[in-house]
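Enquirer: Sequence plus the predicted model coming up.
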Amino acid sequence: MNKSEIKPVGYALSGCTHDSLIFVVMEDVQVRVNHFYFIEHPLNRDTWVLVRTFRIQPYNPEMITGRTGPLAGKKGRRAEYGKRLEYTVAFAEILGYYDEKGKWRMMEVAPSPWDLVYEPSEEALRRFFIPKTRESDVLLLEIGKARGTNIPVYIDLNSIAKGHMFVAGMTRSGKSSFIINMVAKASRLKPRPHFVIFDIRGEYNSLRRYGAKMLPYTMFTPSITDPNVIADKLELKGKERSLLVEAIRSLQNEGAKITRDEIRVRVEEILEQGVVYKTRKSQEKALTSIEWFLQNKGAFIDERAEPLDIISEIKRNFVLIIDFSVNADIEAQQRTAKYILDQVRSYAIERKDYGDFACIIAIEEAQYFAPERGAEMRESSAQSGVKASMIETASQAGGYNVGLILLTQRPAYVLKSVISQCNSVACFRLKSGNDQDAILQYTEYGSERLRDYLPGLADHEAMLWGLAVPTPFPVIAEIDVEEYPQKAVAFAKTAWEKMEEVSTEGKSSGLPLHLRDS
């Protein structure tokens with residue numbers, strides 16, 4: 001490397017390890033947190049090793065308790081004589097290096113004391129971001145720039161389809177914007193990947209101008225055939241629930257049509273056998289109760305609308321947005337999500353020998369569909385069903401070119417067996433210790449340094465790592481934002497302007513009639 005591309009900034013101190021560098025910063029030199037620096041490989045001085053600082057700590061022996069500095073400060077004075085003893089120590093993680101074959105490797109030995117630390121030019125740093133060897137079947141998409149530089153950061157959509165991505169971050173940190181802008185930019189790729197988006201909050205309207213088709217989730221909601229789900233929706237308990245489930249299963253075994261009238265008749269037949277309820281009075285009471293629930297809460301049983309063919313919609317549309325914000329029926333949303341995941345997964349397996357189907361499914365608020373044990377909104381058959389489908393899709397579908405992008409603001413509440421299946425991560429600002437632990441323990445970047453990086457990320461900044469990130473080390477990217485999440489068709493300012501116009505038109509001037517403009 002040309003010496004003009006690097007500048008010495010410090011010397012390694014004693015106590016370094018193969019993955020941790022401590023160095024003293026030279027006088028009149030600025031070293032910053034989350035910036036990249038170089039050291040020479042201790043065993044091969046022609047090889048450069050990349051490090052990233054995570055903490056900077058100035059030190060002055062005269063300004064610690066028990067010395068004269070604090071006493072001078074107490075009197076409003078400065079102990080200038082201690083300034084020459086002051087120095088700054090920087091702490092960095094050693095990321096790795098490219099060997100002579102172009103393979104990325106971790107450091108095998110620790111830096112020695114007095115090894116020089118260098119600040120690279122942007123051009124020198126750029127060579128680390130573009131791997132010297134990579135797969136031929138990548139579909140790269142530029143999603144932003146490395147923080148503080150003009151170096152592009154890419155993600156590989158082909159790898160997401162093969163191995164899933166986990167996207168986490170606090171509210172308003174940039175998660176939804178990340179997906180919106182990724183899809184918008186992907187519309188310009190050749191070939192164009194196909195996306196399905198589970199839009200829980202109605203935030204993806206802006207993608208329509210890029211060719212997205214938005215449909216309410218109710219158009220994909222399957223008819224309810226599971227006796228336990230029917231009993232859950234009717235809110236029956238105890239023996240009455242068991243009686244209803246038995247009646248429905250009996251009808252299904254005979255191939256009979258499931259309607260409220262048929263269920264009531266079959267319940268009456270079972271009651272007459274005297275097995276569940278012994279006395280005539282208790283039988284009549286149970287029948288009356290079940291009839292009431294069927295009449296007042298069972299209208300859905302007679303509704304037999306066939307859901308749309310999700311596979312055909314995916315094939316026809318570059319982006320298919322499933323709008324889950326049209327109502328708040330959590331149980332129906334969970335059944336619909338399970339139906340879509342099952343249909344897509346099954347079809348992908350069927351077409352594995354043809355290679356003519358692939359898609360990426362982005363799921364907002366993943367904790368609703370794959371909640372960690374104890375974090376369920378309400379335990380039900382529908383909840384258990386969609387959770388099982390999420391687990392199966394995460395563990396199997398990637399091999400058949402169906403990738404998941406799971407988005408959440410609370411990683412601690414998402415099922416850990418699903419998180420661990422995601423081999424790529426985009427993590428926006430996270431300050432909760434529990435959420436940081438979920439990322440730390442169940443993703444492939446098991447470094448404690450995450451606790452230093454994640455809380456300080458700005459809006460629309462993400463730390464990216466994994467198979468879908470061609471850069472062989474975790475990188476903080478400033479995401480390019482062209483579109484923002486938009487629930488309403490207009491922003492608040494536009495709405496207020498229209499309201500002001502209406503208000504002005506309808507307001508009387510307060511003048512007598514003969515003085516008003518005609």
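Expert: Cool, got the structure.
Enquirer: Please make it C-alpha for all contacts and neighbour counts, starting now.
Expert: Fine.
Enquirer: shaky segments in the stretch 51-200 of the chain?
Expert: Counting by pLDDT under 70, the stretch 51-200 of the chain contains low-confidence ranges at 81-82, 132-136.
Enquirer: What number of residues are in the vicinity of the nearest residue to residue 55 once chain neighbours are set aside?
Expert: Take residue 55 and drop its neighbours on the chain: the residue closest to it by CA to CA, 6 or more residues apart in numbering is residue 91, 5.2 Å away. For residue 91, the count of nearby residues is 20 (other CA atoms under 10 Å).
Enquirer: Name the residues linked to residue 91 by a beta bridge.
Expert: With beta bridges defined as DSSP bridges, residue 91 has these partners: residue 22, residue 55.
Enquirer: who touches it in this structure?
Expert: 20-23, 53-56 (CA atoms under 8 Å, 6 or more residues apart in numbering).
Enquirer: hey, where'd the helices end up in the stretch 251-400 of the chain?
Expert: With helices called from DSSP state H, counting those that start in this stretch, the stretch 251-400 of the chain shows them at 260-272, 280-297, 310-316, 330-350, 381-396.
Enquirer: for those, which one sits closest to residue 6?
Expert: Between residue 6 and the helices of the stretch 251-400 of the chain, the shortest gap by CA to CA is with helix 381-396, which sits at 44.2 Å.
Enquirer: Check which helices and strands the next helix-or-strand element following the closest one sits against.
Expert: Once the chain leaves helix 381-396, the next helix or strand it forms, by DSSP states H and E, is strand 402-408. Counting contacts by 3 or more CA pairs under 8 Å, 6 or more residues apart in numbering; DSSP states H and E, strand 402-408 packs against helix 157-163, strand 165-168, helix 330-350, strand 359-363.
Enquirer: can we see that at 6 Å?
Expert: helix 157-163, strand 165-168, strand 359-363 (3 or more CA pairs under 6 Å, 6 or more residues apart in numbering; DSSP states H and E).
Enquirer: Enumerate the positions of the very next helix or strand once past that strand that are buried.
Expert: Per DSSP H and E, the first helix or strand lying C-terminal to strand 402-408 is helix 416-419. Of the residues in helix 416-419, 416, 418-419 count as buried by neighbour count, 16 or more other CA atoms under 10 Å.
Enquirer: and helix 416-419, C-alpha only, in PDB?
Expert: This file holds the C-alpha atoms of helix 416-419, laid out as PDB (Å, rounded to 0.1, in the frame of the first residue of the first chain):
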ATOM      1  CA  LYS A 416     -35.400 -17.100  19.300                       C
ATOM      2  CA  SER A 417     -35.500 -20.200  17.000                       C
ATOM      3  CA  VAL A 418     -36.700 -17.900  14.200                       C
ATOM      4  CA  ILE A 419     -34.100 -15.200  14.800                       C
END
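Enquirer: Follow the chain on from that helix and name the next helix or strand.
Expert: Following helix 416-419 in sequence, per DSSP H and E, is strand 424-427.
Enquirer: Okay, now the sheet partners of that following strand, with direction.
Expert: Here, using DSSP bridges, strand 424-427 pairs with strand 165-168 (parallel), strand 461-466 (antiparallel).
Enquirer: how far away is the nearest residue to residue 420 once chain neighbours are set aside from residue 248?
Expert: Among residues not flanking residue 420 along the chain, residue 442 sits closest, at 5.1 Å (CA to CA, 6+ apart). Relative to residue 248, residue 442 is positioned 42 Å away (CA to CA, to the nearest Å).
Enquirer: Cool, thanks, talk later.
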